[in-house]
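Peer 1: I'll drop the sequence and a predicted model, then ask my questions.
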Amino acid sequence: MNSAILYTFRRCPYAMRARIGLHLSQLNPTVREIELKNKPQEMLNVSAKGTVPVLITSEQQVIAESIEIMQFSLAQYPDLSSPWLTPDAYQTLLDWLSKPQTMIWINANDNDFKPWLDKYKYADRFPEQSQNWYRQQAEIFLQLLEDKLAQQAFLCADSPTMADFAIFPFIRQFANVEPVWFNALPYPHVYRWLTLLVNSSLFQAVMHKYSLWLPERSMMQLKQSQQQNVKIIPLCKNEKIMNI
């Protein structure tokens, strides 16, 4: 489905999770990298809320929620020969798409953790409490992750599911607020999990830097930067961290 269009912003964690889903699928939309302070009218015409990501399918269906883009891409256009995961890991990914536990984790991230993350990251905008206080509220979710990841390599299985792929961009954002402090935290399993996912070649491809889209410029394919001889990422228990 190369006639599809994806509006995205590279550093947005919601857009990251959508691009992960697309990279793991057979879809290869053209990319329109935007500036959030200068949103193109073309995007606003199809999605008035003005947030990224927005996927316009070849059938002109507009999908403007990151999780819905992931679900649509993986359920409707699975790539069983994906270069990013082993066949067993990819089947596990598909098996967990519709399981309730997947959305329980994602909803906890989006509805509980994300509001505290925003206040922690932009504490000067929320003077009612200190940055440290907001950070402590966010750490409640980190402890839940730590407890679960102490039991198994990933949140729902021994290989990554949509829950892992949808959540880790937000934990990465949390870690980047105060990286020295985060690296000293007593959350070794979260640190291992996050490092493995961030250092994967899949995430390297997802974070490719596209030129800003302008109406007069030709568009580029999402996966045109994908390496031809990419290494498969097992991402399973006892797998060594892959450095980029």
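Peer 2: Thanks, I have it.
Peer 1: all strands of the protein, in order?
Peer 2: 5-8, 30-33, 54-56, 62-63, 220-221 (DSSP state E).
Peer 1: just how off-centre is the first one within its chain?
Peer 2: Which is strand 5-8. 15 Å (C-alpha atoms, centre = their mean, to the nearest Å).
Peer 1: using CSV, write out every CA atom in that strand.
Peer 2: Provided in CSV are the C-alpha atoms of strand 5-8 (Å, rounded to 0.1, in the frame of the first residue of the first chain):
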residue,chain,number,x,y,z
ILE,A,5,0.3,8.8,3.4
LEU,A,6,1.7,9.2,7.0
TYR,A,7,1.9,12.5,8.7
THR,A,8,4.4,12.3,11.5
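Peer 1: how about the lengthiest helix in the chain as CSV, C-alpha atoms only?
Peer 2: For the chain, the helix with the greatest residue count under DSSP state H is helix 131-149. Provided in CSV are the C-alpha atoms of helix 131-149 (Å, rounded to 0.1, in the frame of the first residue of the first chain):
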residue,chain,number,x,y,z
GLN,A,131,9.4,18.4,39.6
ASN,A,132,10.6,15.8,42.1
TRP,A,133,7.0,15.2,43.2
TYR,A,134,5.7,14.7,39.7
ARG,A,135,8.6,12.3,39.1
GLN,A,136,7.6,10.2,42.1
GLN,A,137,4.1,9.9,40.8
ALA,A,138,5.4,8.7,37.4
GLU,A,139,7.7,6.2,39.2
ILE,A,140,4.6,4.2,40.3
PHE,A,141,4.2,3.0,36.8
LEU,A,142,7.9,2.3,36.5
GLN,A,143,7.7,0.0,39.5
LEU,A,144,4.8,-1.9,37.9
LEU,A,145,7.0,-2.4,34.9
GLU,A,146,10.0,-3.4,37.0
ASP,A,147,7.9,-6.0,38.9
LYS,A,148,6.6,-7.5,35.6
LEU,A,149,9.9,-7.5,33.8
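Peer 1: need the contact partners of it.
Peer 2: 108-109, 112-113, 116-117, 119-120, 123, 126, 155, 167, 171, 174, 177-178, 185, 187-190, 192-193 (C-beta atoms under 8 Å, 6 or more residues apart in numbering). For every residue, glycine as well, the C-beta is placed using N, CA and C.
Peer 1: which residues of this structure score low on pLDDT?
Peer 2: Within the chain, the stretches with pLDDT under 70 are 1-2, 215-216, 218, 224-244.
Peer 1: quick one: the helices in it?
Peer 2: Assigned by DSSP H, the helices in the chain fall at 13-23, 41-46, 66-76, 87-95, 100-107, 114-121, 131-149, 162-177, 179-183, 188-198, 201-206.
Peer 1: among these, which is nearest Glu33?
Peer 2: helix 13-23 (9.4 Å; C-beta to C-beta).
Peer 1: run a quick neighbour tally on Gln60.
Peer 2: 10 (other C-beta atoms under 10 Å).
Peer 1: that one and Ile5, how far apart?
Peer 2: 10 Å (C-beta to C-beta, to the nearest Å).
Peer 1: thinking again about what came up before, tell me the buried residues in the longest helix of the chain?
Peer 2: For helix 131-149, the neighbour count (16 or more other C-beta atoms under 10 Å) marks 131, 134-135, 137-139, 141-142, 144-146, 148-149 as buried.
Peer 1: what is the nearest of these to Thr102?
Peer 2: Lys148 (12.9 Å).
Peer 1: tell me the contacts of the residue lying closest to Arg19 once chain neighbours are set aside?
Peer 2: Spatial nearest neighbour of Arg19, chain neighbours left out: Val206 (4.7 Å); criterion: C-beta to C-beta, 6 or more residues apart in numbering. Contacts here follow C-beta under 8 Å, 6+ apart; on that basis Val206 touches 16, 19-20, 23.
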